[in-house]
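*Asks:* output the structure for:
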Amino acid sequence: QVQLQGSGPGLVKPSQTLSLTCTITGDSITTNYYYWTWIRQPPGKGLEWIGYINYHGSTFYNLSLASRSSISWDTSKNQFTLQLKSVIPEDTAVYYCVREDYGFGYDHWGRGTQVTVSS
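*Replies:* The predicted structure follows:
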């Protein structure tokens, strides 16, 4: 059974770097043809796609966040990590780590990590 568990600080100060890690169990991060994705939902708003790292280790980002975002992985720990630099209050959201089965959609979601950006 595939499970994704996100972890990270619940509170980050403006201008700091947010770092979130997703630990995968029940599957390998290098399994064909999965895309390991970060999605967020600000309060009162819809879902916003942030970016992914795929089974090859290639990354792709939402253009609106690309200059501040970085996604990496640690294959030995079966984890992938989101770093978001220079955070602002508008980055306050629930952050989800998600598996996309390429061509079949998002099939496994982590529970979500609430992140608040505030001084």
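*Asks:* can you tell me the element residue 95 falls in?
*Replies:* strand 93-101 (DSSP states H and E).
*Asks:* in its sheet, what does the helix or strand just after that strand sit against?
*Replies:* Next helix or strand after strand 93-101 toward the C-terminus (DSSP H and E): strand 105-109. Taking DSSP bridges as the criterion, strand 105-109 forms sheet pairs with strand 93-101 (antiparallel).
*Asks:* just give the nearest non-adjacent residue to the residue most central in space within the chain, would you?
*Replies:* Among the residues of the chain, the one closest to the centroid is residue 38, at 2.7 Å (CA atoms, centre = their mean). Distance criterion CB to CB, 6 or more residues apart in numbering; nearest residue to residue 38, sequence neighbours excluded, is residue 50 at 4.1 Å. (Each C-beta comes from the backbone N, C-alpha and C, glycine too.)
*Asks:* quick check, that neighbour in contact with residue 62.
*Replies:* Yes: using CB atoms under 8 Å, residue 50 is in contact with residue 62, at 5.6 Å.
*Asks:* shared neighbours of those two, anything?
*Replies:* residue 69 (CB atoms under 8 Å, 6 or more residues apart in numbering).
*Asks:* more neighbours, those two?
*Replies:* residue 50 (23 against 15; other CB atoms under 10 Å).
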